[in-house]
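Enquirer: Coordinates only, no sequence provided:
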């Protein structure tokens with residue numbers, strides 16, 4: 001009995017010690033490891049980037065960060081609560097990296113308090129959470145020593161992949177005394193507006209983002225000189241025959257004198273408000289050692305965007321448009337800063353670039369290097385741009401495409417020694433015939449990629465308009481402007497968009513079935529066309545008294561044949577559609593079996609095999 005009592009006491013004592021140790025461990029970890037975390041995501045979105053560390057390490061301006069978070073109002077929102085915990089830990093990491101230059105304040109703005117008034121004054125927005133008027137504050141404010149302020153009005157959990165960039169951008173903006181100046185020369189309606197009061201469009205998001213990050217100056221389309229205080233010149237969709245020689249000369253001299261340029265050309269566009277469909281700067285491109293074939297539009301079925309089209313669609317009502325490109329990691333140059341962390345970009349009817357050198361001896365030429373930034377896939381084709389003006393049927397476009405069997409350069413960085421495109425103006429005062437230092441220019445073969453709908457959506461969250469990026473187009477532009485303007489620390493932050501995780505096998509099945517569907521559809525059209533021509537050649541007789549057409553047995557036989565072929569072909573098309581669904585459903589059944597049946601069976605098998613190996617007896 002005494003032995004049993006001693007054994008029980010020992011067990012209880014061991015249990016008590018275990019509880020105490022567990023509690024001590026939790027207290028210890030909460031105090032010392034509150035800002036620590038292990039990032040197991042493929043994109044590393046919970047790990048602060050080297051760019052953030054560099055900016056924090058170089059801070060010379062003290063910054064105060066205030067996190068406003070309504071703890072009581074967030075009780076019924078576990079997603080907000082979890083995200084708030086993550087933000088707290090993230091801000092502590094910023095504080096630890098800034099070597100005393102960042103001060104943190106965590107504020108709970110309860111209703112009708114000075115803290116709530118401060119939140120409103122600093123630009124933090126309240127989100128209504130019920131019909132009683134209760135509000136939830138969850139925003140961040142930053143302030144420097146000169147009382148300059150920047151705020152993130154509401155920290156949306158759906159934008160968690162961008163939170164590091166948003167916070168670092170705030171700090172960077174407040175620490176920078178002067179912003180880079182971007183001169184924008186555009187032939188697209190980036191400024192917004194409309195033809196009537198009922199059709200006013202807002203400015204493009206990319207322009208707003210540029211104004212947030214840089215000082216932006218709009219330049220005229222007919223300037224004779226680029227202002228000397230412009231750091232980077234951005235030229236958008238210059239018409240093939242609509243840019244004056246004086247304006248081209250101004251761009252030429254700006255680049256040769258050390259100015260940086262970002263040029264968007266396009267072989268085909270349908271942007272509303274744009275007067276011309278194609279653009280190029282052939283003369284300047286040649287002086288810089290590159291060429292964009294004027295009429296080539298790049299197509300790539302392997303990365304085509306699938307769009308809803310009830311008339312041409314497959315069994316799923318979707319059709320792959322080969323000139324609408326969904327570019328992913330394999331299409332970006334990972335060794336270049338501006339594209340090293342790109343995940344997804346979308347180009348629409350893009351052109352492509354090739355190195356260019358003049359023919360003949362004794363002709364001054366550039367000795368530049370064209371470094372690819374964005375490329376198409378190995379199965380690329382080119383389509384004449386005028387084909388898109390009449391019919392964008394994917395099957396027809398591909399049948400008229402020219403295979404290239406290589407990756408085509410959609411965007412490139414051009415650097416090196418260049419010559420003037422206007423040697424005939426050598427007598428002009430101040431003329432520069434060749435670059436004194438290597439030029440730095442980025443050329444892009446698509447201007448449509450700047451449009452809102454192709455890379456960003458406007459959504460409403462708790463009554464506030466939010467911008468939700470769906471691709472890295474905007475990040476690419478800002479990265480290029482940052483690098484051309486001399487700043488690279490923010491490069492690794494912008495591109496942390498959560499990548500799409502497509503079902504590659506399912507998409508492959510869809511593409512294969514779509515090809516079969518298209519081929520059979522074309523055969524059907526050809527057969528119907530042949531039958532119609534045959535029927536037209538059979539002129540029926542006409543009753544002289546009634547005027548009624550008299551069909552012969554030959555006519556009737558052709559009509560019957562037409563009907564039979566039509567029904568048979570439609571049946572074959574339905575079979576292809578059914579086969580498409582069956583292949584996808586079969587794969588879905590296997591996935592369900594693995595998740596629901598195979599994994600539990602594996603666990604049971606381990607439970608059966610492991611105990612004997614550990615010397616344990618089954619009961």
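Expert: Thanks, I have the structure now. Just so it is clear, the structure is predicted and the values come from calculations on it, not from any experiment. Numbering: from 1, shown residues only.
Enquirer: pLDDT at residue 559, what is it?
Expert: We have a pLDDT of 69 for residue 559.
Enquirer: Please apply the same query to residue 510.
Expert: Taking residue 510 on its own, its pLDDT is 59.
Enquirer: and what of the one 5 residues further on?
Expert: The per-residue pLDDT reported for residue 515 equals 61.
Enquirer: Then the one 5 residues further on?
Expert: Residue 520 is assigned a predicted lDDT (pLDDT) of 62.
Enquirer: same thing with residue 266?
Expert: 96.
Enquirer: Report the contact partners of the residue nearest to it when sequence neighbours are not counted.
Expert: Excluding its sequence neighbours, the residue lying closest to residue 266 (Cβ to Cβ, 6 or more residues apart in numbering) is residue 447, at 4.1 Å. In this view, the C-beta of every residue, glycine as well, is placed from N, C-alpha and C. Residue 447 sits next to 188, 236-237, 264-266, 269, 271, 279 when contact means Cβ atoms under 8 Å, 6 or more residues apart in numbering.
Enquirer: Out of these, which two sit at the greatest distance?
Expert: 265 and 271 (13.7 Å; Cβ to Cβ).
Enquirer: Those two: who's more crowded?
Expert: A count of neighbours by other Cβ atoms under 10 Å puts residue 265 above the other of residue 265 and residue 271, at 25 against 17.
Enquirer: wait, what's in contact with residue 365?
Expert: Here residue 365 is in contact with 289, 357-358, 419 (Cβ under 8 Å, 6+ apart).
Enquirer: what about it, which SS state?
Expert: coil (DSSP: H, G, I helix; E, B strand; the rest coil).
Enquirer: Just the pLDDT at it, thanks.
Expert: pLDDT for residue 365: 80.
Enquirer: ditto for residue 40
Expert: For residue 40, the predicted pLDDT is 57.
Enquirer: and the residue nearest to residue 266, how far is that from residue 236?
Expert: Distance, residue 447 to residue 236, using Cβ to Cβ, to the nearest Å: 6 Å.
Enquirer: Then residue 145?
Expert: From residue 145 to residue 236 the distance is 38 Å (Cβ to Cβ).
Enquirer: Please apply the same query to residue 453.
Expert: Taking Cβ to Cβ, one finds residue 453 at 17 Å from residue 236.
Enquirer: Which one's more surrounded, these two?
Expert: The residue with more neighbours, out of residue 453 and residue 236, is residue 236; 21 against 12, by other Cβ under 10 Å.
Enquirer: Let's test this: what are the backbone torsions at the more buried one?
Expert: When read as degrees, to the nearest 10, the backbone of residue 236 gives phi -120, psi 120.
Enquirer: and the nearest residue to it once chain neighbours are set aside, how many residues sit next to it?
Expert: Excluding the flanking residues, the one nearest residue 236 by Cβ to Cβ, 6+ apart is residue 186, at 3.9 Å. Using other Cβ under 10 Å, residue 186 has 21 other residues around it.
Enquirer: Am I right that residue 186 is in contact with residue 239?
Expert: No - counting by Cβ atoms under 8 Å, residue 186 does not reach residue 239; the two are 11.5 Å apart.
Enquirer: Give the residues shared as contacts by the two.
Expert: Common neighbours of residue 186 and residue 239 (Cβ under 8 Å, 6+ apart) do not exist.
Enquirer: that older thread, pipe the contacts of residue 365 into TSV and attach neighbour count, secondary structure and pLDDT per row.
Expert: Shown next, in TSV, are those (neighbours: other Cβ atoms under 10 Å; DSSP: H, G, I helix; E, B strand; the rest coil; pLDDT from 0 to 100):
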residue	neighbour count	secondary structure	pLDDT
289	24	coil	95
357	11	coil	89
358	14	coil	86
419	23	strand	94
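Enquirer: Spatially, which two of these are the most separated?
Expert: By the measure Cβ to Cβ, 357 and 419 form the most distant pair in these, at 11.5 Å.
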